[in-house]
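Trainee: Model the following, please.
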Amino acid sequence: MRLLRNLLLLGLLLLALAGAGFAWWANAPIALRESPLDFSVRPGSSALSAARQIREQGAQLQPRLFYWLARLSGRGSELKAGSYEITQGMTPWRLLERMARGDQTLLAVTIPEGWTFAQMMQALNTAPGLDHDAAGLTAQQLMQRLGAPAGTAPEGQFFPDTYLYARNSSEFDILRRAYQAMQKRLAAAWAQRAPDLPLKSPQQALILASMIEKETGDPHDRDKIAAVFINRLRADMPLQSDPTVIYGMGAQYQGRLSKRDLQTLTPYNTYVINGLPPTPIALPGEAALQAALHPAPIKALYFVARGDGSSQFSDTLAQHNAAVARYILKTP
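Mentor: Here you go, the predicted model:
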């Protein structure tokens with residue numbers, strides 16, 4: 001009887017020691033190959049499989065102990081796949097909590113306002129941690145996969161913004177988010193547009209917004225630049241926008257426009273053609289969209305850069321010529 005009691009006490013002591021050791025391990029810092037250590041866990045992974053993946057990527061984590069920690073805490077089924085970061089001093093318990101919350105490490109890619117579609121794709125194709133699953137698609141294939149109307153050119157169709165993503169995310173998923181964001185914002189802006197604009201469709205508004213985006217040096221001038229273009233459309237005057245000429249020249253543009261460039265016919269040369277170019281020339285932001293659909297109530301038909309980012313607006317050609325002499329030719 002005494003032997004049985006001693007064995008029972010010994011068993012309880014061993015269990016207590018094991019529990020204390022397990023508790024110590026759960027709250028002891030994880031040894032890392034480097035700090036911070038980035039790792040990813042594949043979708044569908046169990047706690048045991050996740051721990052093995054983490055260990056393979058440079059963390060000295062005991063998979064079976066981590067499995068029991070997850071199971072005993074009731075969080076074994078809550079662990080979320082994705083990209084995470086471990087820093088020096090993090091314990092298995094804190095790591096378990098982070099994975100149960102899905103507190104992932106997110107990367108970011110920024111698409112600035114005024115960039116072209118080509119510049120956006122270059123940024124995405126070189127962004128770290130992305131699955132570049134859109135790299136081999138033609139522009140037409142990409143727009144078809146996005147569900148755009150047949151024949152839609154990609155230029156201007158994506159909203160410029162900073163997009164967060166987890167490591168190993170789909171590049172196409174970011175494109176879908178940017179495309180849907182632009183279509184949503186464009187539809188909302190079009191629904192609230194000013195009355196009697198000489199614009200026939202949301203796509204024409206998008207084209208005009210892209211021109212405003214490229215022409216604007218001072219944000220305070222956006223609605224005035226929009227007014228000049230709107231006034232010219234109403235008067236059936238050429239829009240005469242240098243950025244559209246530059247866009248139409250493509251790689252031929254070497255940093256300066258010549259008189260010959262302004263006289264060379266392309267679908268985008270608004271010195272030669274009347275009306276809007278066939279597609280946007282850049283990715284416009286929200287402010288440019290609003291300016292295109294809510295131009296300033298002015299009669300100006302001309303503007304010229306002052307040299308400080310702002311523009312001088314003129315109602316008549318005589319006023320405009322005087323502004324050109326002052327700000328461009330620097331004559332008294």
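
Trainee: So Ile86 is in contact with Leu37, correct?
Mentor: Yes - taking contacts as CB atoms under 8 Å, Ile86 lies within contact range of Leu37: 4.6 Å. Heads up, the C-betas are built off the backbone N, CA and C, glycines and all.

Trainee: For those two, indicate the residue with more neighbours.
Mentor: Between Ile86 and Leu37, counted using other CB atoms under 10 Å, the more crowded position is Ile86 (26 against 18).

Trainee: show me the contacts for the more buried one.
Mentor: 30, 32, 35-37, 39, 54, 59, 95 (CB atoms under 8 Å, 6 or more residues apart in numbering).

Trainee: per-residue confidence at the closest residue to Leu265 other than its chain neighbours?
Mentor: Sequence neighbours aside, Val272 is the residue nearest to Leu265 in space, at 5.0 Å (criterion: CB to CB, 6 or more residues apart in numbering). As predicted, Val272 sits at a pLDDT of 95.

Trainee: burial measure for Val272, as a count.
Mentor: Val272 has 16 nearby residues by other CB under 10 Å.

Trainee: distance of it from Pro278?
Mentor: 13 Å (CB to CB, to the nearest Å).

Trainee: which residues in the stretch 201-332 of the chain form strands?
Mentor: Here the stretch 201-332 of the chain has its strands, by DSSP state E, counting those that start in this stretch, at 302-305, 311-314.

Trainee: Give me whichever of those strands is most buried.
Mentor: For those, the largest average neighbour count (mean count of other CB atoms under 10 Å) is found in strand 311-314, namely a mean of 21.

Trainee: contacting residues around that one?
Mentor: With CB under 8 Å, 6+ apart, strand 311-314 has contacts from 217-218, 221, 224-225, 228, 298, 300-306, 320, 322-323, 326-327.

Trainee: Just the buried ones from these, in PyMOL syntax?
Mentor: Buried subset of these, written as a PyMOL selection, criterion 16 or more other CB atoms under 10 Å:
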select buried, resi 221+224+225+228+300+301+302+303+304+305+306+320+323+327
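
Trainee: got any ranges where the stretch 201-332 of the chain has weak pLDDT?
Mentor: For the stretch 201-332 of the chain, residues meeting the criterion pLDDT under 70 lie at 332.
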